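J.: I'll drop the sequence and a predicted model, then ask my questions.
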Amino acid sequence: MVMNVADVMWKMLAEAGVKRCYGIVGDALNPTIDALRRHGGIEFVHVRHEEAGVFAAVAEACLTGDPVCVCGTAGPGVMHLPNGLMDAKREGVPVIAIAGDTVTSVLDTQALEEVNPYTAFAVASRYTGRIVNAEQTRAVVQTAIRTAVGERGPVVIALPGDVAVAKAPAGAYQAVLHRPPVLRPADEDLRALAELIDSAGTVTIFGGDGCREAHDEVVALAARLRAPVGYAYRGKQWLEWDNPFAVGMTGLLGWGGAYQAMHNCDLCLLLGTSFPFAEFYPEKPKKVQIDAKASAVGRRTHLDMGLVGDIKDTLRELLPLIAEKTDDAHLERAVHSTEKWRKRMSHYVTRGPRVSPIRPEYLVSTIDEMATQDAIFTVDTGTPCIWAARYITATRGRNIIGSLSWASMANAMPNAIGAALTCPTRQVIALCGDGGITMLLGDLITIATLELPVKLVVFDNAELDFVHIEMEEAGLLPFGTDLQNPDFSKVAKALGITGLRVDDPADVRGAVEQLLATPGPALLDAVVDPHALSMPPHVGFGEAEGFALSMAKQAINGSLDEVIDSTVGNVRLF
């Protein structure tokens, strides 16, 4: 069989593990998509917005670790991709964008829909290759695959329509397989680290997504050192479950004893995390960071030792080198603090059926209780992210997916598309902000068309709630955060999705039960309290001063009722 360039590209991508391509077809991309049709081994998922396609691909890549394709046609189509690709870059997942390109005869003439892929994707892509000659096929496609999988991030292959249909030269096809290498520090560095650990009286561990495959090793290390284990959001799903040393999260979304445990120890071990909020790192303890990415080491805070290594590979070699500690006092303090936090956070859960408007803490806790033990949760940036951090329980089988390092709006619903296609036998629950879901609302049609059994929960508080809180924290008068929402349950019904609505806290359990029991796609429009606040484990003077100043400004500007509602509704948090 004579293969053209596009045929070879799809064959190489399929052999590298690509199972789906999300996107929208059109003009410059048509010959490439025709080759995809002929190949037959990669599913094409037609979405309503290219950005939604990338978020779906990100979720699939998060769950499988395999490369996933997205596509857009020349010009406007491909320019919808970069935000989602930035999310893939920050989340560290292999997404391969196939960008339709104008025919080679008019390149650099400002032809209709022409865009320079090198400049267009400079920030969002780890590698951009433009195939303008069939002889480049093997090199460009192979480099894109190896970069995406080996460096864990997005890449772009720009393919003009005339090159896509050109005959592939002999030798153009080559299978690209990748097995992760063993990666750990040198023996000398491991011995030095062991000596540092042995000399420390108390140790705290703080882990991130780099602990994905290292749960057992981290727990074993904590047991040997009697060390509390805190975690970043991206480490929650890997370190919270089956871990008697788990003490919650730090940061603005945090809870539990992690903050104090990190600050009140002799040595803080940062494992596979690039937690971005420098103000929450401790200054007094010695700090060691281990990460598979050399560029992440020392990026956020001063270190006493920085090592490059995969967490699982490194801890396997480190554990036999360190002595066992026996003093439990540091660990017990952190665990006790965490238990106090759990009791404090349960206030609006236990009182939830009697507190109106619906407290989001109660809503999410109810979802957590009723969801399956292998459920996949996708969370929108904003307050759904906060409540999931605190009230969704991580288990061995569950996953939590969000734009946790890029913090884009509108990710939860399209993430759920990718999750449902990737894991059709698992429950997929999307926790959506009202601002987030309306940004890419059109892809509810994709869910309806594909009959995906996604369960969507919309936190309907009629505002960009997290932004509102940010403004208050900064001492600003909240402005531009109000939303005028439709009845989302009616929108869902109009699109062929089961739509439910709840605004009475007494009906929450029944509504959640009905949502999760509904066959096929379903959406719950939950009218929640817009005044619900979440207090971090440590509030500095600046944040407290900002809230007080903002409340004063709101009162002066005629919003005294809002101030009173916010204060009264959150009195147990202060």
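T.: Cool, the structure landed.

J.: quick one, what contacts the residue nearest to residue 210 when sequence neighbours are not counted?
T.: Leaving aside its chain neighbours, residue 210 sits nearest to residue 272 (1.6 Å; criterion: CB to CB, 6 or more residues apart in numbering). (C-beta placed from N, C-alpha, C; glycine too.) Applying CB atoms under 8 Å, 6 or more residues apart in numbering to residue 272 gives the contacts 207, 208, 209, 210, 211, 212, 214, 235, 290, 291, 292, 311.

J.: and residue 272, how far is that from residue 208?
T.: Remark: distance between residue 272 and residue 208 (CB to CB, to the nearest Å) = 5 Å.

J.: Repeat that for residue 198.
T.: 25 Å.

J.: rewinding a little: residues in contact with both of residue 272 and residue 208, list them for me.
T.: With contacts taken as CB under 8 Å, 6+ apart, residue 272 and residue 208 have residue 235 as neighbours in common.

J.: So for residue 198 and residue 208, which sits in the more crowded spot?
T.: Each of residue 198 and residue 208 has its neighbours counted (other CB atoms under 10 Å); residue 208 has more, 25 against 14.

J.: Verify the stated contact: the more buried one with residue 236.
T.: No - the pair residue 208 / residue 236 is not scored as a contact, 9.4 Å apart, by CB atoms under 8 Å.

J.: can you count the residues close to residue 513?
T.: The number of residues packed near residue 513 is 12, by other CB under 10 Å.

J.: ranges for the helices of the stretch 451-574 of the chain?
T.: All helices of the stretch 451-574 of the chain, identified by DSSP state H, counting those that start in this stretch, fall at 465-473, 488-494, 508-517, 541-556, 560-569.

J.: swap that for the stretch 251-400 of the chain, please
T.: Ranges of helices in the stretch 251-400 of the chain, per DSSP H, counting those that start in this stretch, are 258-263, 311-318, 329-345, 347-350, 360-370, 383-391.

J.: among these, which is nearest residue 137?
T.: For residue 137, the closest of the helices of the stretch 251-400 of the chain is helix 311-318, at 34.8 Å, according to CB to CB.

J.: Not counting its neighbours along the chain, what's nearest the spatially most central residue of the chain?
T.: Note on the chain: the residue nearest the mean C-alpha position is residue 402, at 2.8 Å, using CA atoms, centre = their mean. In this structure, residue 402 finds its nearest non-sequential neighbour in residue 379, 4.2 Å apart by CB to CB, 6+ apart.

J.: what's the answer for residue 171, then?
T.: Take residue 171 and drop its neighbours on the chain: the residue closest to it by CB to CB, 6+ apart is residue 138, 6.6 Å away.

J.: buried ones in the helix or strand hosting the one you found?
T.: Under the criterion DSSP states H and E, the helix or strand holding residue 138 is helix 137-150. Within helix 137-150, the residues scored as buried using 16 or more other CB atoms under 10 Å are 137, 138, 140, 141, 142, 143, 144, 145, 146, 147, 148, 149.

J.: Could you look up the SS state of residue 100?
T.: Classification of residue 100 using DSSP: H, G, I helix; E, B strand; the rest coil returns strand.

J.: my read: it touches residue 6, true?
T.: No - using CB under 8 Å as the test, residue 100 is too far from residue 6 to be in contact (10.8 Å).

J.: Overlap in contacts, these two.
T.: Overlap of the contact sets of residue 100 and residue 6 (by CB under 8 Å, 6+ apart) consists of 32, 159.
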